[in-house]
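A.B. asks: make a model of this:
(2 chains)
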There are 2 protein chains.
Amino acid sequence: MSASRFDVAGIGNAIVDIIARCDEAFLSNHGMEKGFMQLVTASQADDIYADMGPAQEQSGGSAANTCAGIASLGGTCAFIGRVAGDQFGKVFAHDITSVGVAYDTPPADAGLPTARCLVLVTPDGERTMNTFLGASTELGPEDVDGDLIAAAQITYLEGYLFDRPEAKAAFHEAATLARGAERKVALTLSDAFCVDRHRSDFLELVRGGVDILFANENEITSLYELNSFEEAAGAVRAEAEIAVLTRSERGSVVISGNDTFEVPADSVEQVVDVTGAGDLYAAGFLHGLTRSLPLETCARLGSLAAAEVISHIGARPGQDLKELAQNREILT
Amino acid sequence: MSASRFDVAGIGNAIVDIIARCDEAFLSNHGMEKGFMQLVTASQADDIYADMGPAQEQSGGSAANTCAGIASLGGTCAFIGRVAGDQFGKVFAHDITSVGVAYDTPPADAGLPTARCLVLVTPDGERTMNTFLGASTELGPEDVDGDLIAAAQITYLEGYLFDRPEAKAAFHEAATLARGAERKVALTLSDAFCVDRHRSDFLELVRGGVDILFANENEITSLYELNSFEEAAGAVRAEAEIAVLTRSERGSVVISGNDTFEVPADSVEQVVDVTGAGDLYAAGFLHGLTRSLPLETCARLGSLAAAEVISHIGARPGQDLKELAQNREILT
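C.D. replies: Down below sits the predicted model:
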């Protein structure tokens, strides 16, 4: 195994978030499940947007947010995901490269516009997402740069990719390349409904192709179709090398062989917008892993990054996470 | 004079702000004058953007921000300004209509993209702006709906319009229509460099066509080419019916005939981003005027709206300003 050029290579949907505040009634009036992501068509997205209040736009996308977090922690990162050659595509490319993430996927030259996610933030800070995948669906196995994957310590994949056959193929291609280069593969299950749509695929990956699994409480119980977190945690222990289970304000649990580490969530003065919480947790954890830190310290880095991102609007870091971690003496 | 359908009709550039934080060195490295607005070409905008950090996009435009503020205060408002049929154009139209501002200017069907303003926010909260006017330059006299102007108590014009001959013609058309319908005309000088570029035009308007003039300290001293605020205030007293002079943290001074009202600025816990401060001050003041409130109360509403907008990123209200004003017992 040669020296790594990148700590992490992330593969996921390249999305611009359109974020607005709303009341609880807005969600029920539009038949949205609070706290979850649903896929919408272009015309559904237009209808929802027309009803939304004034918004702000910020780059998003689950694995892309994680890459931005890793860069903010001082790690080296590359991202693979497709935009169109429109204004939102330029916004996405600008934001991710401006934080130092290598991003070379060429924009789709025709077809659908850049993916957008309509994020509705309720007064409790919870976010409900409606994603139009657009140009993101153009990502295919040919976009997975084998040299890049071989040059990254960890290849990180978002579960949302499974919602499109081509991207799923890209996902498998990347995992195969990474394993061939004796690198690690990490996967996040992304969303409980996403797990529901692709349960057998995910189970196969957890049993075979994935070294580090990220899931929240809803996702891990959905994966094993079990009722309690404890049962699901028991099930994943037998199958995954490292399972990282996040539980919102109850912190996280890291399971590896016979070891279990429970790490509390960092306290936050006010939860403004939980968008990106899981993505930034993963950033902290993965950054710790690439620095060969103990699993418990990795989880503490995850808690720190997640706490920062939920204290403001948007799913990308608002502060220098490395500095925050150094002030807390988690990183040197 | 018939009953008014709108409290205020605003005419200005229709712009999407692209907002990023930067350090002081960024401004000097790019030859930018801190706190001011400069016009840039498409390629200059691209160069600056390439150097900027990760950004967020929010609708802006000076008079458009004022319209959004008036709507948030419970007033009725219409906006005239031109976008292109691109993603930023859709963002602009969505944001302004979603807060209840009437907006019917058809998008330009060819030519330049929607105007954008690269806003650099330094750690002190000060904002430095680089505007590419794009489709905004397509606004012409034919876009000024005479019925709309006649139906608004006050027509409010931003000085930035003078940077383009066609828009300047639209400006004069609107002022003439408003006066013909026995309505009031308000003007903001927008920026000291803008005053420098169009001094004689502005002086003519202050002496002849404008009932309410908004200016900050830099702008009013630039208008009269005088060194002190006090001298400039004396000069404008002799010429304007109502002059509203804002002085950042030192509050504002309203001058009307022999009357002078000094109103302090509202205290703010932390100045995050001063973008929109003047625009929102104008919103509060104009809303008070349309409610026939005393000039001093109008200024207090201005201070309240300005304080809200500088306490967060972006130039549009983040809270319900009517509720804020009611809690403070300025509005009933």
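
A.B. asks: can you tell me what sits against the lowest-mean-pLDDT helix or strand in chain A?
C.D. replies: Using mean pLDDT, DSSP states H and E, helix A:165-180 stands out as the lowest-scoring helix or strand of chain A, at a mean of 89. Residues outside helix A:165-180 that contact it (C-beta atoms under 8 Å, 6 or more residues apart in numbering or on different chains): A:9, A:11, A:13, A:80, A:136-141, A:143-144, A:146, A:149-150, A:152, A:155, A:157, A:161-162, A:184-185, A:201, A:205, A:209-210. No exception for glycine: its C-beta is placed from N, CA and C like everyone else's.

A.B. asks: filter these down to the buried ones, ChimeraX style.
C.D. replies: Buried members of these, defined by 16 or more other C-beta atoms under 10 Å in any protein chain shown, are picked up in ChimeraX with:
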select /A:9,11,13,80,136,137,138,139,140,141,143,144,149,150,152,155,157,161,162,184,185,205,209,210
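
A.B. asks: the closest residue to residue A:269 other than its chain neighbours: neighbour count?
C.D. replies: Spatial nearest neighbour of residue A:269, excluding adjacent residues (C-beta to C-beta, 6 or more residues apart in numbering or on different chains): residue A:311 at 6.7 Å. Neighbours of residue A:311 under the rule other C-beta atoms under 10 Å in any protein chain shown: 17.

A.B. asks: was I right to think residue A:311 contacts residue A:271?
C.D. replies: Yes: Residue A:311 is within contact range of residue A:271, at 7.3 Å (criterion: C-beta atoms under 8 Å).

A.B. asks: quick one: mean pLDDT over stretch A:75-84.
C.D. replies: Mean pLDDT, stretch A:75-84: 97.

A.B. asks: measure that stretch end to end?
C.D. replies: 27 Å (C-alpha to C-alpha, to the nearest Å).

A.B. asks: would you mark the buried spots in it?
C.D. replies: A:75, A:76, A:77, A:78, A:79, A:80, A:81, A:82, A:83, A:84.

A.B. asks: try stretch A:197-213
C.D. replies: By 16+ other C-beta under 10 Å, the buried positions in stretch A:197-213 come out as A:198, A:202, A:205, A:206, A:209, A:210, A:211, A:212, A:213.

A.B. asks: for it, C-alpha coordinates in CSV please.
C.D. replies: Once non-C-alpha atoms are left out, stretch A:197-213 reads as follows in CSV (Å, rounded to 0.1, in the frame of the first residue of the first chain):
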residue,chain,number,x,y,z
ARG,A,197,-35.7,1.2,0.1
HIS,A,198,-32.4,-0.7,0.0
ARG,A,199,-32.3,-2.9,3.0
SER,A,200,-30.9,-6.1,1.4
ASP,A,201,-28.1,-4.1,-0.5
PHE,A,202,-27.1,-2.4,2.7
LEU,A,203,-27.1,-5.6,4.7
GLU,A,204,-24.9,-7.3,2.1
LEU,A,205,-22.4,-4.4,2.3
VAL,A,206,-22.3,-4.4,6.1
ARG,A,207,-21.6,-8.1,6.1
GLY,A,208,-19.1,-7.9,3.3
GLY,A,209,-17.7,-4.7,1.9
VAL,A,210,-17.7,-2.0,4.5
ASP,A,211,-15.2,-1.4,7.3
ILE,A,212,-16.9,1.5,9.1
LEU,A,213,-20.6,1.9,9.3
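
A.B. asks: now it, how far from the centre of its chain.
C.D. replies: For stretch A:197-213, the distance from its own C-alpha centre to the chain's C-alpha centre is 16 Å (C-alpha atoms, centre = their mean, to the nearest Å).

A.B. asks: what's the answer for stretch A:313-332, then?
C.D. replies: With C-alpha atoms, centre = their mean, you get 18 Å for stretch A:313-332.

A.B. asks: next one: stretch A:103-115
C.D. replies: On C-alpha atoms, centre = their mean, the centre of stretch A:103-115 falls 20 Å from that of its chain.

A.B. asks: now the end-to-end length of that stretch.
C.D. replies: 16 Å.

A.B. asks: what does stretch A:178-197 give?
C.D. replies: 25 Å.

A.B. asks: and residue A:91, what is it in contact with?
C.D. replies: A:16, A:57, A:59, B:18, B:55, B:57.

A.B. asks: take the residues you listed and write them to JSON lines, including pLDDT, distance to residue A:223 and secondary structure.
C.D. replies: As requested, those are exported to JSON lines (pLDDT from 0 to 100; distance: C-beta to C-beta, whole Å; DSSP: H, G, I helix; E, B strand; the rest coil):
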{"residue": "A:16", "pLDDT": "98", "distance to residue A:223": "29", "secondary structure": "strand"}
{"residue": "A:57", "pLDDT": "98", "distance to residue A:223": "33", "secondary structure": "strand"}
{"residue": "A:59", "pLDDT": "97", "distance to residue A:223": "29", "secondary structure": "strand"}
{"residue": "B:18", "pLDDT": "98", "distance to residue A:223": "40", "secondary structure": "strand"}
{"residue": "B:55", "pLDDT": "97", "distance to residue A:223": "37", "secondary structure": "coil"}
{"residue": "B:57", "pLDDT": "98", "distance to residue A:223": "36", "secondary structure": "strand"}
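
A.B. asks: turn those residues into CSV, columns for distance to residue A:44.
C.D. replies: Compiled in CSV, those are given as follows (distance: C-beta to C-beta, whole Å):
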residue, distance to residue A:44
A:16, 17
A:57, 19
A:59, 22
B:18, 27
B:55, 28
B:57, 22
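
A.B. asks: re earlier: between the buried residues of stretch A:75-84, which is nearest chain B?
C.D. replies: Comparing the buried residues of stretch A:75-84 against chain B with C-beta to the nearest C-beta picks out residue A:84 as the nearest, at 9.9 Å.

A.B. asks: pLDDT score for the closest residue to that closest one other than its chain neighbours?
C.D. replies: Spatially, and ignoring its direct neighbours in sequence, residue A:84 is nearest to residue A:135 (3.9 Å; C-beta to C-beta, 6+ apart). Residue A:135 is assigned 95 on the pLDDT scale.

A.B. asks: I'd say residue A:135 and residue A:105 touch.
C.D. replies: No: applying C-beta under 8 Å as the test, residue A:135 and residue A:105 come out as separate, 10.2 Å apart.

A.B. asks: pull up the overlap in contacts between these two.
C.D. replies: By C-beta under 8 Å, 6+ apart, the residues touching both residue A:135 and residue A:105 are A:14, A:82, A:83.

A.B. asks: how about the second one, secondary structure?
C.D. replies: State at residue A:82, reduced to three classes by DSSP: H, G, I helix; E, B strand; the rest coil: coil.

A.B. asks: which parts of chain A sit against chain B?
C.D. replies: Chain A comes close to chain B at residues A:18, A:49-50, A:52-59, A:68, A:86-88, A:91, A:94-96, A:98-99, A:113, A:314, A:316, as judged by C-beta under 8 Å from any C-beta of the partner chain.

A.B. asks: now the strands for the stretch 1-150 of chain A?
C.D. replies: A:6-11, A:15-21, A:37-39, A:56-60, A:77-80, A:102-103, A:115-121, A:127-132 (DSSP state E, counting those that start in this stretch).

A.B. asks: so which of those strands comes closest to residue B:120?
C.D. replies: Closest approach to residue B:120 among these is made by strand A:56-60 (16.9 Å; C-beta to C-beta).

A.B. asks: counting contacts, what elements does the closest one pack onto?
C.D. replies: With contacts defined as 3 or more C-beta pairs under 8 Å, 6 or more residues apart in numbering or on different chains; DSSP states H and E, the packing partners of strand A:56-60 are strand A:15-21, helix A:87-98, strand B:56-60.

A.B. asks: of these, give the one that comes closest to residue A:262.
C.D. replies: strand A:15-21 (31.2 Å).

A.B. asks: partners of the closest one, with directions?
C.D. replies: strand A:56-60 (antiparallel), strand A:115-121 (parallel) (DSSP bridges).

A.B. asks: report the angle between the last one and helix B:87-98.
C.D. replies: So that's strand A:115-121. Between strand A:115-121 and helix B:87-98, the angle comes out at 20 degrees (axes from the mean of the first three to the mean of the last three C-alpha atoms, to 10 degrees).

A.B. asks: what is the mean pLDDT for strand A:115-121?
C.D. replies: 97.
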